[in-house]
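>>> What follows is a protein structure lacking sequence information:
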């Protein structure tokens, strides 16, 4: 049988497939459709030290083979999250990755400290949300700031830290190097690409925030390229994402250098996407005589 | 073909949850009811069995360039069939309107809370005649969900429907189950104006209100209900991505802090789409 298990910063995942933060809640809502036990990990929607109300509506719009969102990181705050969502996820045989957001260094540090004695496997730090003013993106677009915030978080984090990178930068390689220098244990990319859609009938912006993050199959080639560039810049495991809708898409990211992959927008189109991706990767490996998924990771030089 | 992939939930979880399913559903009837307004009847394995008035289904395009579901309210539930009546407003609904009997669409549901009829009626004080009377308001494409409600409500009900003009889609079906009053924007049928103009012109009164329609109408009904001292249950809509409560795209502001979100925002797809008008800021 093909071996699909991979390791991210010392944490073994039974397979490399997980949801992208923000597209799957904390798994609860989708557990009616998807057997969470089958997933390599569940990545939760971003949570901050205190509740955030998010942006005005409309918060989303459809684009060709994709969508855009500016939810604005609405979240119930860590106290509720710790009481409600972590115990829910603990009932399943899957790893828990908590996505953490903040508006300042203090916010991030406070949140990471609150999570220190929680039974979560990995932290994913969102320094790349394009939809929150004075939000995480301030840390995600300047290499020195990214390195600084990574160091501050690493100082207090008890779990391994994944830094989630923004594609809205001049050089993804420089950003990857910066968080590696800051002590990151892994990186995930890409977050959404900043975009804009205008509703010509209403003569206004389709999304109330004016700009919004574009995701979905339309942006996949950009994401694959960035994962490839990051993989060649740093010696960190990479969780690759951006428009994955099927096993072949996931395999592109893996061959470009990703150790694991996330499915985002496609969960909205078909909640079974992740299961189909897992089964599809296994079928590909069996078809091609690949015994271990590590034979495929970064195989395209 | 039944494609719902479900985890085995314990009996306790089943009781607590509204069960929802994803199905590749066959179209068994498809018609144009008025200019730009269409109906589709789907044959379902589970969705019709579980559905109640006021809930909705997510309808997915067969074109993968359009990834997001179109949330459409349930108009009728009959045996194993679910009927939707919708207006063509873009490419997705245009695609649905061209589908033929025997073709398939992916649908997911039933979604949302729907009208909790027993719970709502138990809170209503009987009137002088010892009865409870409901007024059902439907405006434009908010008319369809009122039909199944009118059929299932076990109390007296008055239906007030608002249309643009004399294309009174579904009105004949309401006539079979309730007394119907019509308002039209152009005055071609019934009272000229909106549904509240019709209520005032015809002296219609009730002990509880159910309403679905455009936001200005719902705002006016919220104010009217407060003035009359009766509860109003209104159906809201918003752009949705997941339809199941995960993405937080379709929120509405609330008067009190929402238990799930811990902020003054509630999920229309999950806690709604039906809300007590007093609890939402619209």
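Everything's here; your move. These figures come from a predicted structure and were not determined experimentally.

>>> In the stretch 101-250 of chain A, what residue comes closest to chain B?
Nearest residue of the stretch 101-250 of chain A to chain B: residue A:216, at 5.8 Å (CB to the nearest CB). Using the backbone N, CA and C atoms, a C-beta is placed for each residue, glycine as well.

>>> which element follows the host helix or strand of residue B:162 toward the C-terminus?
Assigned by DSSP states H and E, residue B:162 belongs to strand B:156-163. Helices and strands here follow DSSP H and E; after strand B:156-163, the next one along the chain is helix B:171-175.

>>> follow-up on the earlier one: could you list the residues in contact with the strand holding residue B:162?
Applying CB atoms under 8 Å, 6 or more residues apart in numbering or on different chains, the external contacts of strand B:156-163 come out as B:131-140, B:143, B:146, B:150, B:168-171, B:174, B:178-185, B:189, B:194-195, B:198-199, B:204, B:206, B:213, B:217.

>>> Buried only: go through those residues for me.
Taking 16 or more other CB atoms under 10 Å in any protein chain shown as the criterion, what is buried in the contacts of strand B:156-163 is B:132-140, B:143, B:146, B:150, B:168-171, B:174, B:178, B:180-184, B:189, B:194-195, B:198-199, B:204, B:206, B:213, B:217.

>>> Just list the residues touching the residue of the stretch 101-250 of chain A closest to chain B, thanks.
Contacts for residue A:216 (CB under 8 Å, 6+ apart) come out as A:63, A:65-67, A:243, A:264-266, B:67.

>>> Which of those are buried? Put it as a PyMOL command.
Here is the PyMOL command that selects the buried residues among these (16+ other CB under 10 Å):
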select buried, (chain A and resi 63+65+66+67+243+264+265+266) or (chain B and resi 67)
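
>>> Need the contacts of residue A:216 in JSON lines (columns: pLDDT and secondary structure).
Listed next are those as JSON lines, based on pLDDT from 0 to 100; DSSP: H, G, I helix; E, B strand; the rest coil:
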{"residue": "A:63", "pLDDT": "97", "secondary structure": "strand"}
{"residue": "A:65", "pLDDT": "98", "secondary structure": "coil"}
{"residue": "A:66", "pLDDT": "98", "secondary structure": "strand"}
{"residue": "A:67", "pLDDT": "98", "secondary structure": "strand"}
{"residue": "A:243", "pLDDT": "98", "secondary structure": "coil"}
{"residue": "A:264", "pLDDT": "98", "secondary structure": "coil"}
{"residue": "A:265", "pLDDT": "98", "secondary structure": "coil"}
{"residue": "A:266", "pLDDT": "98", "secondary structure": "helix"}
{"residue": "B:67", "pLDDT": "97", "secondary structure": "coil"}
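
>>> and which of the contacts of residue A:216 is nearest to residue A:208?
Minimum separation from residue A:208 among the contacts of residue A:216 (CB to CB) is found for residue A:67, which lies at 15.0 Å.

>>> Just list whatever residues bridge to the closest one.
For residue A:67, the beta-bridge partners under DSSP bridges are residue A:62, residue A:215.

>>> Hmm, it is touching residue B:66, no?
No - applying CB atoms under 8 Å as the test, residue A:67 and residue B:66 come out as separate, 9.8 Å apart.

>>> what's around residue B:231, how many residues?
17 (other CB atoms under 10 Å in any protein chain shown).

>>> Surely it touches residue B:276?
Yes - using CB under 8 Å, residue B:231 is in contact with residue B:276, at 6.2 Å.
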